[in-house]
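Q: just the structure for this:
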Amino acid sequence: MRLIPLVLFALAACGPDPELVKEKDALAQQVGQLTQEKERVERERDALRTRAERLQREVDDHKRREVYTKLKITEGQKLSATLDTTLGVVTCELWPEKSPKTVLNFVELAEGTREWTEPKTGEKVKRPLYDGTIFHRIMKGFMIQGGDPLGNGTGDPGYRFEDEVDNGLKFDQPGLLAMANSGPNTNGSQFFITDSLPDHLNGKHTIFGKCAPKETIKTIISVEVGPRNKPVTDVVLKKVTIQRG
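A: You can find the predicted model right below:
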């Protein structure tokens, strides 16, 4: 019975296996090196992300200044469109700071400074697109739609451009001016003015302005319509005039 304590004492005196200690220390060193490498990679990642964000801001600023130059306004200067219709005048405040490409497209088509394709003839033209068109689709409690050179909902200017729906704007009030489309990134010339809060359109249609007075919008939206919500008597958009400042 006296041998057992002696054996235990002998084993304890031997201490841990030197090879195991060596392996443990090597693993600890590797963990330390990997931790340092991970921290270095994370610092580089954060630096690259910051640089990419800065470059993106510079690109966006350059594009915005370019748009303002084409619009012939300075940053912060007011821009609006007067829609003279057969049922009254509607004035729309335009928001180039939120939807620069969309506003530029609308203004250039309105003023005739952007080339577009006349869908009836296939001819390339450079004249005001909206003047003389009709509001071809009117839905009471929803919206009035126009801007189609054919006047039946199928016309476009012969090109398409991408949405600008990540601009923080929502369909949270009536009177908003937005682009009509047939799916993502299919904007052309057609637009609509809301008469309600169609929040199901959020993220699907680019909002680029707000229109007033509501009385004129209500007058237009109250007309009698026939098949496909087309007015029985044409509501003509006689002229669109752009105001600066």
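
Q: drop to CA atoms for contacts and neighbour counts, all remaining ones
A: OK.

Q: and stretch 74-87, how far out from the chain middle?
A: Its chain's C-alpha centre lies 21 Å from the corresponding centre of stretch 74-87 when counted by CA atoms, centre = their mean, to the nearest Å.

Q: show the average pLDDT along that stretch.
A: Here stretch 74-87 scores 97 as its mean pLDDT.

Q: in that stretch, what counts as buried?
A: With burial defined by 16 or more other CA atoms under 10 Å, the residues of stretch 74-87 counted as buried are Leu79, Ser80, Ala81, Thr82, Leu83, Asp84, Thr85.

Q: likewise for stretch 82-101?
A: Buried residues in stretch 82-101, counted by 16+ other CA under 10 Å: 82-85, 89-101.

Q: contact partners of it?
A: With contact meaning CA atoms under 8 Å, 6 or more residues apart in numbering, stretch 82-101 is reached by 64, 67-68, 78-81, 102-104, 164, 167, 169, 177, 206-213, 216-217, 219-220, 235-243.

Q: and the helix or strand hosting Lys63, what does it pack against?
A: Secondary structure assigned from DSSP states H and E places Lys63 in helix 18-71. On a contact count with 3 or more CA pairs under 8 Å, 6 or more residues apart in numbering; DSSP states H and E, helix 18-71 meets helix 100-111.

Q: the helix or strand Thr91 falls within vs helix 100-111, what angle?
A: Here Thr91 is covered by strand 88-94, with elements defined by DSSP H and E. Per axes from the mean of the first three to the mean of the last three CA atoms, to 10 degrees, the angle that strand 88-94 makes with helix 100-111 is 140 degrees.

Q: I'd like the mean pLDDT over stretch 195-214, please.
A: The model assigns stretch 195-214 a mean pLDDT of 98.

Q: hmm, which of the contacts of stretch 82-101 are the buried ones?
A: Buried among those (16+ other CA under 10 Å): 64, 67-68, 79-81, 102-104, 164, 169, 177, 206-212, 216-217, 220, 235-237, 239-242.

Q: hey, what's Met143 bridged with?
A: Met139, Thr194 (DSSP bridges).

Q: and what of Leu237?
A: Beta bridges link Leu237 to Thr85, Thr133 when assigned by DSSP bridges.

Q: please point out which parts of stretch 192-200 sit buried.
A: For stretch 192-200, the neighbour count (16+ other CA under 10 Å) marks Phe192, Ile193, Thr194, Asp195, Ser196, Leu197, Pro198 as buried.

Q: which helix or strand contains the first one?
A: The reference is to Phe192. For Phe192, the host element (DSSP H and E) is strand 191-194.

Q: hang on, the earlier thing: helices - which of the contacts of stretch 82-101 land there?
A: Applying DSSP state H to these, the entries found in helices are Arg64, Val67, Tyr68, Thr102, Val103, Leu104, Thr216, Ile217, Thr219, Ile220.

Q: of the residues you listed, just say which sits nearest to Asp46.
A: Closest approach between the ones in helices among the contacts of stretch 82-101 and Asp46, by CA to CA: Arg64, at 26.6 Å.
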